[in-house]
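J.: need a structure here:
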Amino acid sequence: MTLGRFGLRKRDYDFPPFRPPSEANSLLLRVTRGCPWNRCTFCSMYKGMKFERREPEEVLEDISMARELYSDQVRTVFIGDSNSLVYKTDELVKILKHLYSSFPHIERVTSYARAKTLAKKPVEELEKLFKAGLNRLHVGLETGDRELLKEIDKGATPEEMVEAGRKAKQASFEYSLYVLLGIGGEEKWEQHAKGTAEVLNQIDPHFIRVRTFVPQPNSQLYDAMEEGRFQPASPETILKETRLLLKDLQVTSQFLSDHISNLVPLHGKLPEEKEKMIQLIDEVLKGLQDDVALREEMEARRHLSHL
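T.: Numbers count the residues shown, from 1 in each chain. Predicted coordinates:
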């Protein structure tokens, strides 16, 4: 809600610095600041920011400010920062109730969440949050491969990733998982694809959202790339990895390539549109063999990281 940002900033409204592309038109509501984990080697977000939970009264005041500006126009809301589920459940329920009473026409409230937190949180508390109006959770899987999860210091095992997804679905949340294409570099693309498909098949999330990994400054993997310790995957490797991932998936998810860094616009319902997406990848792989312009476009695209 761009117009609102300019108006609210004058009154010190505390906006989350990051949100999913699918929340571009949502009201942004900050409940925590930073990331309680903040160790992932691929991530440059929240660096130099001490994690903290905002006081409930501050959040309720932000909701009231937003109500003054937007009246009852808000339809979707994104709660930040990186893992709002570390907030005390009863206090987050109170915030959600005030949000819905302030904006009676809300259709969706979403948040980032961490798999480890979900895996530890009692299902009863997750159900409370869902009943209070938190509808959808965005969670970074990145990879399902055990070795790579450890290498990128994700702080969760494949089993915990599966447990988190199952509990979230049991509590009736819409579950959106993110996969980082190319996170295994040039060498480990096959194990990344196979391990990720294995975890996704056990969860069967509502949404699988793929991102092409682009090493960013202020991240450990960027430093490893600069020092020659990490070789980023080539466009061909990323496409082959994506093809293998799709081939091995046995889910009923929406597969979405909704980020500018991705090489091919893959969007479809699984399993119905799997073959169509694989065919598109095959066509692009074939074109890369003798189309210099296409190769240059692929190389340029994989260095884009912002919408």
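J.: can we go C-alpha only for contacts and neighbour counts from here?
T.: Noted.
J.: residue contacts, Gly185?
T.: Gly185 makes contacts with Phe230, Gln231, Pro232, Ala233, as judged by CA atoms under 8 Å, 6 or more residues apart in numbering.
J.: Give the helix, strand or coil label for the second one.
T.: When classified by DSSP: H, G, I helix; E, B strand; the rest coil, Gln231 comes out as coil.
J.: Return the per-residue confidence for the nearest residue to Pro215 once chain neighbours are set aside.
T.: Closest residue to Pro215 apart from its sequence neighbours, by CA to CA, 6 or more residues apart in numbering: Tyr222 at 4.8 Å. Note for Tyr222: predicted pLDDT of 92.
J.: so how far is Gln216 from Tyr222?
T.: Here the criterion is CA to CA, to the nearest Å. By it, Tyr222 lies 6 Å from Gln216.
J.: got it, and Leu141?
T.: From Leu141 across to Gln216, the span is 19 Å (CA to CA).
J.: And the two? Which one has more around it.
T.: Using other CA atoms under 10 Å, the more surrounded residue of Leu141 and Gln216 is Leu141, with 26 against 17.
J.: sorry, back to before: shared neighbours of Tyr222 and Gln216, which are they?
T.: Common neighbours of Tyr222 and Gln216 (CA under 8 Å, 6+ apart) are Phe42.
J.: Turn the contacts of Gly185 into TSV, columns for distance to Leu294 and neighbour count.
T.: What follows is the contacts of Gly185, written out as TSV (distance: CA to CA, whole Å; neighbours: other CA atoms under 10 Å):
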residue	distance to Leu294	neighbour count
Phe230	25	18
Gln231	22	16
Pro232	19	21
Ala233	17	23
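J.: ok, back up a step: isn't the residue nearest to Pro215 right up against Arg229?
T.: No: look at Tyr222 against Arg229 with CA atoms under 8 Å: they stay out of range, at 9.7 Å.
J.: Neighbour count: these two, which is higher?
T.: Neighbour comparison, Tyr222 and Arg229: the larger count goes to Tyr222, with 21 against 11 (by other CA under 10 Å).
J.: Leu294: which element?
T.: Per DSSP states H and E, Leu294 falls inside helix 292-301.
J.: Check which helices and strands that helix sits against.
T.: Here helix 292-301 is seen to pack against helix 274-288 when contacts are counted using 3 or more CA pairs under 8 Å, 6 or more residues apart in numbering; DSSP states H and E.
J.: tilt between the helix it packs on and helix 292-301?
T.: Going by axes from the mean of the first three to the mean of the last three CA atoms, to 10 degrees, helix 274-288 is angled at 110 degrees with respect to helix 292-301.
J.: So what touches helix 274-288?
T.: Glu236, Leu239, Arg243, Leu246, Lys247, Val264, Leu266, His267, Gly268, Leu294, Arg295.
J.: Take these and keep only those in strands.
T.: His267, Gly268 (DSSP state E).
J.: Out of the contacts of helix 274-288, who's the most crowded?
T.: Leu239 (23 neighbours).
J.: Could I get the contacting residues of that residue?
T.: Applying CA under 8 Å, 6+ apart, the residues contacting Leu239 are Leu263, Ile281, Leu285.
J.: Distance-wise, check it relative to Glu55.
T.: In terms of CA to CA, Leu239 sits 45 Å off from Glu55.
J.: In the protein, where is pLDDT below threshold?
T.: 1-11, 301-307 (pLDDT under 70).
J.: I'd like the domain boundaries of it, if you could list them.
T.: The chain breaks down by automatic domain parsing into domains covering 1-113, 142-307.
J.: Let's have the ones you listed in TSV, adding distance to Glu124.
T.: Output for the domains of the chain, formatted as TSV (distance: least, CA to CA, whole Å):
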stretch	distance to Glu124
domain 1-113	10
domain 142-307	8
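J.: Could you check the ones you listed and tell me which one is nearest Glu127?
T.: Closest to Glu127 of the domains of the chain is domain 142-307 (CA to CA; 4.8 Å).
J.: Just the CA trace of stretch 252-270, in CSV.
T.: This file holds the C-alpha atoms of stretch 252-270, laid out as CSV (Å, rounded to 0.1, in the frame of the first residue of the first chain):
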residue,chain,number,x,y,z
THR,A,252,-1.0,-31.2,-5.4
SER,A,253,0.6,-27.8,-5.0
GLN,A,254,0.6,-24.6,-7.0
PHE,A,255,4.1,-24.2,-8.4
LEU,A,256,5.0,-20.5,-8.8
SER,A,257,8.1,-18.8,-10.2
ASP,A,258,7.0,-15.4,-9.0
HIS,A,259,10.4,-13.6,-8.8
ILE,A,260,12.3,-11.5,-11.4
SER,A,261,15.5,-13.5,-10.8
ASN,A,262,14.0,-16.7,-12.1
LEU,A,263,15.1,-17.9,-15.6
VAL,A,264,11.8,-19.3,-16.8
PRO,A,265,8.2,-18.2,-15.9
LEU,A,266,6.9,-21.5,-14.6
HIS,A,267,3.4,-21.3,-13.1
GLY,A,268,1.1,-24.3,-12.8
LYS,A,269,-1.0,-26.7,-10.8
LEU,A,270,0.6,-30.0,-9.9
